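Chemist: For reference, the sequence and a predicted model appear below.
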Amino acid sequence: MRLAAVGIFLLLPFLAMSSPFAQTRQMTLPASDIYELRIQCGAGSLYITSAEWQDSIRVFAEIEAEDKNKIEYQDFPEKYVDLRLERKGPRAILKSDLKKNLLNSLGTLLNPMDPKINLTIEVPRGVDLFIDDDSGAIHIQHFSGHLVIKDASGGITLENVTGNVTVADGSGKIVMEDILGNVEIKDGSGRIDVDKIRGDVRVTDGSGEISIQHVDGYVTVMDESGEININDIAGNVLIRSPGSGEMNIERVNGQIVTQN
């Protein structure tokens, strides 16, 4: 099915700043009969929250870059930025990145400019999220819907989420608090802090300290290296293939099992 661009695209006035230069844009897409939002984004921060009072997906994008040539930057978004909010059947697709077919032609332009697209997204209640992120911090709070996050690098913070959460992360700190649903984390490196989960927790970790507490379900951890701290768990705790690092497990109502 061919993508049909139905988002309302509004170019806001150019913001004259010393450094970095920035332009802002806003996109809106009616969310009637949309059950899923898929986000594909490159470098830049990502902030998402539910907007129960509206029936549209709203995106606020700030395109910023470091560059001494102001005239050159003013043309940069139109020439090199791929920023689209579109509908494909019952799904919404948000694309935020540099145009791939132009990357080779940028040459030395990319390094001094260090372009980023920072996104703030308001999503109606009950729309599930699938995020494929390159780099930059991700912060999601007061969100209702299932979450699937694939992240190369950058910190991830999730707060007050109603729905199951799945995260595959390359590197960066992960913080989750007040999740009403099951949590699954596959992490390469970086500290993991999980607190107040009303569901089950599964963690597969390469390196970095792990802290899991106040879980209503069971906890399963597979870890290669790093300290593990687990406490206040209602169900069973299973530690599979424990690696190097101190392990502290306290106040578990179920069984504690370690499998080498």
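Modeler: Nice, I can see it.

Chemist: In the protein, where is pLDDT below threshold?
Modeler: Along the chain, segments meeting pLDDT under 70 span 1-21, 66-77, 100-114, 242.

Chemist: what ranges do the helices span in it?
Modeler: Residue ranges of the helices in the chain, as given by DSSP state H, are 70-74, 76-80, 103-106, 110-113.

Chemist: residues touching residue 82, list them.
Modeler: 95-100 (C-beta atoms under 8 Å, 6 or more residues apart in numbering). The C-beta positions use only the backbone N, C-alpha and C, and glycine is treated the same way.

Chemist: what about residue 47, distance to residue 62?
Modeler: For residue 47, the distance to residue 62 equals 11 Å [C-beta to C-beta, to the nearest Å].

Chemist: Count the neighbours of residue 116 for me.
Modeler: 18 (other C-beta atoms under 10 Å).

Chemist: Give me the nearest residue to it, chain neighbours excluded.
Modeler: With sequence-adjacent residues excluded and distances taken as C-beta to C-beta, 6 or more residues apart in numbering, residue 116 is closest to residue 44, at 4.0 Å.

Chemist: ok, the one you found - contacts?
Modeler: Residue 44 touches 96, 116-119, 135-136, counting by C-beta under 8 Å, 6+ apart.

Chemist: doesn't residue 244 make contact with residue 206?
Modeler: No - using C-beta atoms under 8 Å, residue 206 makes no contact with residue 244, being 11.9 Å away.

Chemist: Now the common contact residues for the two.
Modeler: What both residue 206 and residue 244 touch, as defined by C-beta under 8 Å, 6+ apart, is the set 224-225.

Chemist: quick one, which of those two is more surrounded?
Modeler: The residue with more neighbours, out of residue 206 and residue 244, is residue 206; 18 against 10, by other C-beta under 10 Å.

Chemist: Tell me who's in contact with the more buried one.
Modeler: By C-beta under 8 Å, 6+ apart, the neighbours of residue 206 are 187-189, 224-225.

Chemist: Please pick the buried ones from those residues.
Modeler: Neighbour-count burial (16 or more other C-beta atoms under 10 Å) applied to the contacts of residue 206 gives 187-189, 224.

Chemist: Distance to residue 253 for those - can I get that in a markdown table?
Modeler: What follows is the buried ones among the contacts of residue 206, written out as a markdown table (distance: C-beta to C-beta, whole Å):
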| residue | distance to residue 253 |
| --- | --- |
| 187 | 26 |
| 188 | 31 |
| 189 | 31 |
| 224 | 28 |
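
Chemist: Show me which of the residues you listed is closest to residue 202.
Modeler: Proximity of the buried ones among the contacts of residue 206 to residue 202 (C-beta to C-beta) peaks at residue 187, which lies at 11.4 Å.

Chemist: ok, what's across the strand from residue 22?
Modeler: residue 15, residue 64 (DSSP bridges).

Chemist: again but with residue 252, I slipped
Modeler: residue 233.

Chemist: could you list every residue that touches it?
Modeler: Contacts of residue 252 by C-beta under 8 Å, 6+ apart are 230-231, 233, 236-237.
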